[in-house]
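[1] Give the three-dimensional model of this entry:
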Amino acid sequence: MLKLGDTFLMPETQHGTEHLYIVISDPDPEGKAVCVNVTTAYAFSEKTCVLQKGDHPFIEHESVIRYQYAKILDLSLVEKALSAKQSKFVCEQRQPCSNELLCRVQEGLERSKMVTRSVKEYFLNGKKNPDDKKKS
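    Numbering: from 1, shown residues only. Here you go, the predicted structure:
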């Protein structure tokens, strides 16, 4: 099961570009968790959480967390997509993020004015300390 700090690559929409997603909350009893995606930084991008090459093995240039697209995802459905071996788009699990990066992304969600109220409240109600996450 995907857990806090895990990452995966999949498109935002069925025909969209693949983005790296980060699981930033522990899954709830129904297996749902808050996930955010990483995208290339542009002049107009929200700069609440800027990532650089080396912050995660997937990141190759300045990028940002796109908080306005933060979602509460059913991780069992994400896992089904990951195991389906899609041929029309990339959908695969990537390396977990570091605790330091996870903390920065979580703190950014709390500060962002772009995240929806429902996602922010869900996150704040279930927030755990990332130092408690277990690395495999």
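[2] residues contacting residue 116?
    Applying CB atoms under 8 Å, 6 or more residues apart in numbering to residue 116 gives the contacts 68, 70. (C-beta placed from N, C-alpha, C; glycine too.)
[3] Against residue 72, how distant is it?
    10 Å (CB to CB, to the nearest Å).
[4] Which parts of the chain are helices?
    Ranges of helices in the chain, per DSSP state H, are 75-83, 99-111, 117-126.
[5] To residue 32, which of those lies closest?
    Comparing the helices of the chain against residue 32 with CB to CB, the closest turns out to be helix 75-83 (6.8 Å).
[6] Which residues outside that closest one are in contact with it?
    1-2, 8, 10, 23, 27, 31-33, 35, 91-93.
[7] Now the two most distant members of the residues you listed.
    Among the contacts of helix 75-83, 32 and 92 lie farthest apart (CB to CB), at 21.0 Å.
[8] quick one: which of those two has more around it?
    Ranked by neighbour count (other CB atoms under 10 Å), residue 32 and residue 92 place residue 32 first, with 18 against 14.
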